[in-house]
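[1] would you be able to build a 3D model of this:
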Amino acid sequence: MNVFRAGPEHAEVLGALHALSFPAPWQEAEFAALLQQPGVAAWIVIGGIVNEESPEGFILMRAAADEAEVLTLAVVPELRRKGLASKLLRQAFETLKAGKTTRLFLEVAADNAAACALYARHGFAPCGRRPDYYRSDPAKAPVDAIMMSRSL
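    Residues are numbered from 1 along each chain as shown. Model (predicted):
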């Protein structure tokens, strides 16, 4: 299993992985634009479970001064609970610490128990709530975002 730094040239892969995980996925152009901004970085995990060349998940971060934010994290649904998200988070922690980041933030849907548990296992704690933040499915009620943070 390899983790490598992604660039704008990987926007298509990021968009495809994101579409497998979210009902309102970000588009390739959005990933390309984000990855050209200062302080934004992504890591993709390749191989290890399906085959040696298959992209299996990614994390996208934005750092500014001594703080950073997980913008999104996605793992192919059938490969979840196999340690890929943890590997991506550890890669992000290591890289951000080297860059002198001291605090990391993220937002997670309040109804996503698996993601909330993952982040709690990695030292994140709730630090706020955004009511009705996620409105990706017009047929369903909006979902609150739980804001979480951890020290690096």
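
[2] now for the longest helix seen in the chain, which elements pack on it?
    Scanning the chain for the longest helix, with DSSP state H as the assignment, gives helix 84-98. The contact analysis (3 or more CB pairs under 8 Å, 6 or more residues apart in numbering; DSSP states H and E) places helix 84-98 against strand 2-6, strand 40-46, strand 55-64, strand 67-75, strand 103-109, helix 113-121. C-beta coordinates here come from the backbone N, C-alpha and C atoms, glycine included.

[3] list the buried residues of it.
    Under the neighbour-count criterion of 16 or more other CB atoms under 10 Å, helix 84-98 has 84, 85, 87, 88, 89, 91, 92, 93, 95, 96 buried.

[4] now render those residues as JSON lines, adding pLDDT and distance to residue 60.
    Formatted as JSON lines, these follow (pLDDT from 0 to 100; distance: CB to CB, whole Å):
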{"residue": "84", "pLDDT": "95", "distance to residue 60": "15"}
{"residue": "85", "pLDDT": "97", "distance to residue 60": "13"}
{"residue": "87", "pLDDT": "95", "distance to residue 60": "15"}
{"residue": "88", "pLDDT": "97", "distance to residue 60": "10"}
{"residue": "89", "pLDDT": "97", "distance to residue 60": "12"}
{"residue": "91", "pLDDT": "95", "distance to residue 60": "12"}
{"residue": "92", "pLDDT": "95", "distance to residue 60": "9"}
{"residue": "93", "pLDDT": "96", "distance to residue 60": "15"}
{"residue": "95", "pLDDT": "94", "distance to residue 60": "12"}
{"residue": "96", "pLDDT": "95", "distance to residue 60": "13"}
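
[5] ok, residue 139 to residue 23 distance?
    Distance of residue 139 to residue 23, given as CB to CB, to the nearest Å: 10 Å.

[6] quick revisit: residues contacting the longest helix of the chain, please?
    Contact with helix 84-98 is made by 1, 3, 41, 43, 45, 48-49, 56-59, 61, 63, 68, 70, 73, 75, 104, 118, 121-122, 152, as judged by CB atoms under 8 Å, 6 or more residues apart in numbering.

[7] neighbour count: residue 139 and residue 23, which is higher?
    Taking neighbours as other CB atoms under 10 Å, residue 139 and residue 23 compare with residue 23 leading, 9 against 4.

[8] distance of the more buried one from residue 147?
    For residue 23, the distance to residue 147 - CB to CB - is 21 Å.
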